[in-house]
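**Q** Quick one, fold the following:
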Amino acid sequence: MRFPRLVLPAMAVILASCGDDADLPPLVGRSAPNNERAEAMFSQAQSAERDGKRSKAIKLYDTIGDEMPVSTRAPEARFRQGELLEQEGDVRKAFDAYQEFISRYNNSNLYEKALSRQAAMAQSAADGHVKTSFLGLKASISNEKIAEMLGKVRSNAPRSSTAAKAQFTIGEVWESQGNSSGSAKAIAAYRELVIEYPDSKEAPEGQFRIGKILLDEARRGNQDQANLDRARESLQDYVRQYPGHHRVGEARKLMSNIGGQDIQRSYEIAEFYERKGDHGSARFYYEEVVNKAKSGALHDKAKARLAALGN
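**A** Predicted structure coming up:
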């Protein structure tokens, strides 16, 4: 069969594509010129390190990672860039360099070390932030950035103990903000911890803190019954799920205090209705106080008011 002259080159390309891989052009970055360039630049970077020119070395390593990402030297160059930035104290850039390494070179023998260094950096940044926040000092890295860093640590090794710790620390960072917005985000982070990592060593403390934060929010001025109910339920869940945890006694005391707040609230409502002249509603809440309190000052005062109001 005769083929038109113009078809023959196209068929040649198709037939060539079915041949041995060795006949195909090398991948970008794996070709000899790229590897040679990367090797030369890597040597320059090492020489700069020896001469104390750390900034120059960082730039050279970065260039290898950016321009020759699949060269044989690229993984080590990117990892070394992260190490030098860490030594420089540039937490954000060092973290990002490790993240680029982790995202691309999971087969490298440096992979586990990169995960470990990145997690340690994020945790250290968070620890420093939490301490300065509670002391009222200004932290150098924002809540949002630290939470983002910890989120990447968690996502890079989602089933590890490091992930559970990172998730717990996200809660701590938001909790340290000390306002309602931070509290809401902290509760969400602790809830995710308990759901995703219920058997982790951080989960009991996370569940306890959900109840504690809700109670603190109530004391800060948002003392509606729903808030107190959520706090009680969270602490009850904590005691039921983690009966051997060291804060169970504290949780029981907090729940008892919530009960006392409920009684105080009922007594105040009864007084309100009595002042308005709605004696039926007043009696209802005074009786609630008597039934809940069993004894004590409020119990006795409520009984006295019931006697005064009569039937």
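**Q** element containing the residue nearest the centre of the chain?
**A** With distances taken as C-alpha atoms, centre = their mean, Ile170 lies nearest the centre of the chain, 3.0 Å away. Assigned by DSSP states H and E, Ile170 falls within helix 161-175.
**Q** gap between that helix and the chain center?
**A** 4 Å (C-alpha atoms, centre = their mean, to the nearest Å).
**Q** just use 560 as the starting number from now, easier for me
**A** Got it, the first residue is 560 from now on, which makes the last one we talked about helix 720-734.
**Q** buried ones in that helix?
**A** Judged by neighbour count using 16 or more other C-beta atoms under 10 Å, the buried positions of helix 720-734 are 721-734. No exception for glycine: its C-beta is placed from N, CA and C like everyone else's.
**Q** and which of the residues you listed is nearest Lys835?
**A** Glu734 (40.6 Å; C-beta to C-beta).
**Q** could you list every residue that touches that closest one?
**A** 741-742, 745, 768, 772 (C-beta atoms under 8 Å, 6 or more residues apart in numbering).
**Q** thinking again about what came up before, okay if I get the buried residues of helix 720-734 as CSV plus pLDDT and distance to Asp788?
**A** Formatted as CSV, those follow (pLDDT from 0 to 100; distance: C-beta to C-beta, whole Å):
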residue, pLDDT, distance to Asp788
Thr721, 96, 35
Ala722, 97, 32
Ala723, 97, 28
Lys724, 97, 31
Ala725, 97, 31
Gln726, 98, 26
Phe727, 98, 25
Thr728, 97, 29
Ile729, 98, 26
Gly730, 98, 22
Glu731, 96, 25
Val732, 96, 27
Trp733, 96, 23
Glu734, 95, 21
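**Q** could you dump these to JSON lines with distance to Glu635?
**A** JSON lines is the format used below for these (distance: C-beta to C-beta, whole Å):
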{"residue": "Thr721", "distance to Glu635": "23"}
{"residue": "Ala722", "distance to Glu635": "26"}
{"residue": "Ala723", "distance to Glu635": "30"}
{"residue": "Lys724", "distance to Glu635": "28"}
{"residue": "Ala725", "distance to Glu635": "26"}
{"residue": "Gln726", "distance to Glu635": "31"}
{"residue": "Phe727", "distance to Glu635": "33"}
{"residue": "Thr728", "distance to Glu635": "30"}
{"residue": "Ile729", "distance to Glu635": "31"}
{"residue": "Gly730", "distance to Glu635": "36"}
{"residue": "Glu731", "distance to Glu635": "34"}
{"residue": "Val732", "distance to Glu635": "33"}
{"residue": "Trp733", "distance to Glu635": "37"}
{"residue": "Glu734", "distance to Glu635": "39"}
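**Q** Quickly name whichever of these is closest to Tyr756.
**A** The closest of those to Tyr756 turns out to be Ala723 (C-beta to C-beta; 3.9 Å).
**Q** Below-threshold pLDDT in the protein: ranges please.
**A** Counting by pLDDT under 70, the ranges of the chain that qualify are 560-592, 690-698, 780-784, 820, 870.
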